[in-house]
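Asker: any chance you can model this:
(2 chains)
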Amino acid sequence: MKVPIRLKVNGRQYQREVEPRQLLVHFIRDLGGITGTKIGCDTSQCGACTVLLDGVAVKSCTCLTVQADGAAVTTIEGLAPENGLHPLQEAFWNKHGLQCGFCTPGMILASHELLRENPNPSDQEIRHGLEGNFCRCTGYQNIVRAVKEAAATMARK
Amino acid sequence: MATRIFGSGIRRREDPRLITGQATYTDDYVLPGMCHAVMLRSPHAHARIKRIDTSRAKQSPGVLAVFTGADIEGNLNAVPCAWLVPNSDLKVAAYPCIAKDVVHYAGEIVAAVVAENPYQATDAAELIDVEYDPLQAVIDPDKAMQAATPQIHPDVPKNQAFHWTVAGGDLDAAFRDAAVVIKERIVQQRLIPNAIEPRSALAQWSGASGEVTLWNTSQNPHIVRFLCSVVTGVPEDKIRVIATDVGGGFGSKIPSYPADFVTVFCARKLNRPVKWTETRSENYQSTTHGRSHVQEVEVAVDKDGKVLGLRATSWSDMGAYLSTAAPGIPTILHGLMLSGPYTIPAIKEDVYGVYTNTTPVEAYRGAGRPEATFILERIMDKVAAKLGTDPVDVRMKNLIPAFENGHSVATGLVYDSGNYEGALQKLVDHVRYKDLRREQAEARKKGRYLGIGVASYVEICGLGPSQVAGAVGFQGGLWESAIVRFHPTGKVHVFIGANPHGQGEETTFAQIVADEVGVDVNDVKVVHGDTDLTPMGWGTYGSRTTAVGGAALAIATRKIKEKAKVIAAHLLEAAVEDMDYADGKFFVKGSPGKAKSIQDVALMANVAWNMPAGVEAGLEASAFYDPPNFTYPFGAHLAVVEVDAETGQVDVVRYVAVDDCGPQINPVIVEGQVHGGVVQGIGQALWEQAVYDKNGQLLTGSMLDYALPRSDRLPEIEVLSTVTPSPHHPLGVKGIGEAGTIASTVTVYNAVLDALSPFGVETINMPFTPERVWQAIQARRR
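Answerer: Below is the predicted model:
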């Protein structure tokens, strides 16, 4: 039995009928063309699927689509205005905070949450804040540097 | 003169698409009419399939087809092993794409379901009824060859996949002259590579032309094309493999897998595009693992601490089948490296590759070299402990003195260049080693257990001369190729056969071209990962992309430069020998004003209105580079750890890496490779281990159970370097992708054992979980 839902993704309204068991991450990826949100595991460990749900970061594999009914979702594609970059995206680029890039969308959105809660974090606070997101390439060090730089940029704005 | 682009830490050119969600990994592709495959995998490690009933699954909503082992017979050949190590009595057990009679590991495919969407396929897979007759499973590599152990494959007695030996020097003399003999048993635990992108395959069959396009998570798409042809029977020219954005590999995306070929088979049968993407749990069970060696080592040492000889036996787990490159890892990439950076006059190792009822084992970052480094660096610390000297002094005593062009070791290799003492000295100076030891002693007085670990290493990279590849049984070449194409506007396309998947060669390769002919780095686009667009290449692994592919690119670009010089001379009405070049301009010697830019030349070459006699139109060149030797990067690392003796908790409080990969094209990317590599190695030392129970069930079957390195458990890594160019490489570069992993596991191991030395702990099997450390301390306290 399918359930009708309405939700916004990156500012655009979607109305769909979905299976109650469907995960939000599958809903987003199946919309067509918005595949920046990644699936890296099936136990909610890796964080690659992190999105903002009404501005708060969630792992979209831990959320059913029906739970997000009425909400506004922001994915990596919707973080910055079109053709622009969010300071976090810019900082990940500047600081070589990514290699293969697969964890990056989730890592950037988890960092967004971290800075929302703590706009001026220490290195250790960044490391704790991102412990729920796995990166196998960078060893995290340049991610920490990137989040620090983004925090500084965002503080100036 | 402008700042040189070679050596500049510019931002990566691949990043804009990666940070905005616009990259296209295999699972991101959606094709019209696409349907989805799910693989049903065996829950048993070793069992006879008595009966398989797919009738209920076939009637499940949305299901298009269900295929079993019987269906693929005559359609899909066995998956071949592509590294047939010679003189080793190698026995290749047939590796079916779908098991038909017997399953050999938990995770082996027994059926494939195709449905309109992945959810329907998943539901239907649960309706397949398979009746198994479980058989006794073989798990431990060091017990696999024992008489009482059941035989897994009918044509492989004693489960012995191969027995390979390396020997050089007079070992008897070494042990006869020894003042001290040191023995060690080392367990290199099994690891799961954990590229964050799960594996995926999307196959599109064109019935009209008999062509297949396969999007695939691969480090080496041309090898996939080759093996796909062998397994599916589709001619190589009718297979296109695309692997543009790949989310990490670390060795696990070298092999070709049954699921990839089954996906091709499904697409062909249904004449629709079929996508298969593994779940993470599926990845843990069926994507290749790494390491899993048990080694016994004996070393002969003279009274001054000089190593005279080393003999070792290794039982190297291959898992249930021989994966694509697996036999070469514990042999060629391990045994030949057993001299490491040291002068060791005599070496012998017997390596037994064994079959077990576990997931196949493949290359995993470092692949054979971390295991060799581990042996040597443990031995050095044991020698120091035995003789009561400092671990750094023992290493300095045994290191090969600096050399610039060729040094032979007992295993038969000839290293290219090295300054091992220089790297270790830089490390020691940087950390003020003596002060560090004093701090450690002070801390101990206060009941704090700090440990300092040091390791020197040399690795074999830039695989490698194709003649050697052939001699050691690699079923392919190991050269690389590049095409450089100048467009009329002076913009450049580079096409390469290798396939970077996170290492940043879209940037560093553009830097090579920009440096050679003076174009703007942003005017160079590097294309890789599509076998219909790019020239043949053997792939990205073994730290070879820049070391081999970068050389091909440099040579191709130099050909461009030579041709451009001829055209420029013609346009300036000067003799070619009177021409000079600087910063992208060709000019008449002594008259820098009389010049043609590379862009001017590119335009003329493309329109070809006024070309020198006998010179072809166009400005394009290709090169095939087959290296004359391997490259041998090296370095020295140091870790400081603190062990909580009450809980067994280990914290890495400081980590310093000195690496020498030759000249660095982009030092920021080099540093990133070191960070990632070091952390993967720390992961092995402290947290990671694939655990099977006695029935062959993977107990660490999810990210919940397998402990990956997390951001909050790691120190800031200090990255230093020395620069020793390779004498035989056109750019002098050596490779950096695996260095960190090769050195860091044993560096941290040594540090933990150093911290535990007051308790007399001499060995602990990795990983150093708090429980193991605590138990080791308690055993000594009792």
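
Asker: any idea how far the residue of the stretch 301-450 of chain B found nearest chain A lies from B:Val307?
Answerer: Residue nearest to chain A within the stretch 301-450 of chain B: B:Arg365 (9.5 Å; Cβ to the nearest Cβ). Every C-beta, even on glycine, is put in place using the N, C-alpha and C of the backbone. Using Cβ to Cβ, to the nearest Å, one obtains 27 Å as the distance from B:Arg365 to B:Val307.

Asker: how does chain A divide into domains?
Answerer: Recorded structural domains for chain A (assignment: automatic domain parsing) are A:3-78, A:87-156.

Asker: nearest to B:Trp205, out of these?
Answerer: domain A:3-78 (22.9 Å; Cβ to Cβ).

Asker: ends of the closest one, what's the gap?
Answerer: One end of domain A:3-78 sits 26 Å from the other (Cα to Cα, to the nearest Å).

Asker: quickly check: that domain near chain B or not.
Answerer: Yes - looking at domain A:3-78 against chain B by Cβ under 8 Å from any Cβ of the partner chain, the contacts come from A:19, A:22, A:26, A:32, A:34-43, A:45-46, A:48, A:75-77.

Asker: state the pLDDT value of residue 80.
Answerer: Chain wasn't specified; assuming chain A. Per-residue pLDDT puts A:Ala80 at 95.

Asker: if you could check chain B rather than the one you did, that'd help
Answerer: The predicted local confidence for B:Pro80 is 97.

Asker: isn't it up against B:Phe226?
Answerer: No - look at B:Pro80 against B:Phe226 with Cβ atoms under 8 Å: they stay out of range, at 9.6 Å.

Asker: helix, strand, or coil at A:Phe134?
Answerer: Here A:Phe134 is coil, with the state taken from DSSP: H, G, I helix; E, B strand; the rest coil.

Asker: ok, now how distant is it from chain B?
Answerer: Noted for A:Phe134: a distance of 6 Å to chain B, by Cβ to the nearest Cβ, to the nearest Å.

Asker: mind listing what the helix or strand where B:Val113 lies pairs with, with the direction of each?
Answerer: Using DSSP states H and E, B:Val113 sits within strand B:109-115. Strand pairing for strand B:109-115, determined by DSSP bridges: strand B:35-41 (antiparallel), strand B:63-68 (antiparallel).

Asker: now the following helix or strand past that strand and strand B:109-115, what's the angle there?
Answerer: With elements assigned by DSSP H and E, the helix or strand that comes after strand B:109-115 is helix B:118-125. Orientation of helix B:118-125 against strand B:109-115 (axes from the mean of the first three to the mean of the last three Cα atoms, to 10 degrees) gives an angle of 130 degrees.

Asker: hmm, back to that, quick one: contacts of the strand holding B:Val113?
Answerer: The contact list for strand B:109-115 (Cβ atoms under 8 Å, 6 or more residues apart in numbering or on different chains) reads B:35-42, B:49, B:52, B:54, B:57, B:60-69, B:97-99, B:103, B:121, B:124-125, B:128, B:130, B:258-259, B:262, B:265-266, B:270, B:274, B:286.

Asker: ok, the residue of chain A found nearest chain B - contacts?
Answerer: Relative to chain B, the nearest point of chain A is A:Gly36 (1.8 Å; Cβ to the nearest Cβ). Counting by Cβ under 8 Å, 6+ apart, A:Gly36 makes contact with A:Thr75, A:Ile76, A:Glu77, A:Pro105, B:Thr20, B:Gly21, B:Gln22, B:Ala23.

Asker: please give the element, helix or strand, for the nearest residue to it once chain neighbours are set aside.
Answerer: Spatially, and ignoring its direct neighbours in sequence, A:Gly36 is nearest to B:Gly21 (1.8 Å; Cβ to Cβ, 6 or more residues apart in numbering or on different chains). Under DSSP H and E, no helix or strand contains B:Gly21.

Asker: follow-up on the earlier one: next, count neighbours for the residue of the stretch 301-450 of chain B closest to chain A.
Answerer: 27 (other Cβ atoms under 10 Å in any protein chain shown).

Asker: do I have it right that A:Glu90 meets A:Val147?
Answerer: No - taking Cβ under 8 Å as the definition, A:Glu90 is not a contact partner of A:Val147, at 12.0 Å.

Asker: which one's more surrounded, those two?
Answerer: A:Val147 (29 against 18).

Asker: quick one: residues contacting the closest residue to chain A within chain B.
Answerer: The minimum distance from chain B to chain A, using Cβ to the nearest Cβ, falls at B:Gly21 (1.8 Å). By Cβ under 8 Å, 6+ apart, B:Gly21 lies in contact with A:Ile34, A:Thr35, A:Gly36, A:Thr37, A:Thr75, A:Ile76, A:Glu77, A:Pro105.

Asker: make JSON lines from those and add pLDDT and secondary structure to it.
Answerer: Formatted as JSON lines, the contacts of B:Gly21 follow (pLDDT from 0 to 100; DSSP: H, G, I helix; E, B strand; the rest coil):
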{"residue": "A:Ile34", "pLDDT": "95", "secondary structure": "coil"}
{"residue": "A:Thr35", "pLDDT": "98", "secondary structure": "coil"}
{"residue": "A:Gly36", "pLDDT": "98", "secondary structure": "coil"}
{"residue": "A:Thr37", "pLDDT": "98", "secondary structure": "coil"}
{"residue": "A:Thr75", "pLDDT": "98", "secondary structure": "coil"}
{"residue": "A:Ile76", "pLDDT": "98", "secondary structure": "helix"}
{"residue": "A:Glu77", "pLDDT": "98", "secondary structure": "helix"}
{"residue": "A:Pro105", "pLDDT": "98", "secondary structure": "helix"}
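
Asker: longest helix anywhere in chain A?
Answerer: Longest helix in chain A by number of residues, with DSSP state H as the criterion: helix A:141-156.

Asker: now that helix: average pLDDT?
Answerer: pLDDT averaged over helix A:141-156 gives 97.

Asker: residue contacts, the residue with the largest distance to the centre of chain B?
Answerer: Distance to the chain centre peaks in chain B at B:Glu573, reaching 51.4 Å (criterion: Cα atoms, centre = their mean). If a contact means Cβ under 8 Å, 6+ apart, then B:Glu573 has no contacts.

Asker: give me the element it is part of.
Answerer: Going by DSSP H and E, B:Glu573 is not in any helix or strand.

Asker: run through who's touching the longest helix of chain A.
Answerer: Under Cβ under 8 Å, 6+ apart, the answer for helix A:141-156 is A:87-88, A:90-92, A:94-98, A:107, A:111, A:114-115, A:119-121, A:123, A:126-127, A:130, A:135, B:672, B:675, B:711, B:714, B:716-717.

Asker: if we use 7 Å, what do you get?
Answerer: With Cβ atoms under 7 Å, 6 or more residues apart in numbering or on different chains as the test, helix A:141-156 has contacts from A:87-88, A:91-92, A:94-97, A:107, A:111, A:114-115, A:119-121, A:123, A:126-127, A:130, A:135, B:672, B:675, B:716-717.

Asker: same deal with stretch B:558-571?
Answerer: Residues outside stretch B:558-571 that contact it (Cβ under 7 Å, 6+ apart) are B:484, B:486, B:516-517, B:575-576, B:579, B:581, B:586, B:596, B:598, B:601, B:604-605, B:610-612, B:615, B:619, B:621, B:623.

Asker: mind listing which of these are in strands?
Answerer: Using DSSP state E, the subset of the contacts of stretch B:558-571 located in strands is B:Val484, B:Phe486, B:Met579, B:Tyr581, B:Phe586, B:Lys596, B:Leu619, B:Ala621, B:Ala623.

Asker: my guess is the third one contacts B:Ser591, does it?
Answerer: Put plainly, it is B:Met579. No - at 10.6 Å, B:Met579 does not count as touching B:Ser591 under the criterion of Cβ atoms under 7 Å.

Asker: quick one: B:Ala455 from B:Leu638, how far?
Answerer: Distance from B:Ala455 to B:Leu638, by Cβ to Cβ: 8 Å.

Asker: can you list residues touching both of those two?
Answerer: Residues within reach of B:Ala455 and of B:Leu638 at once, by Cβ under 7 Å, 6+ apart, are B:Thr747.
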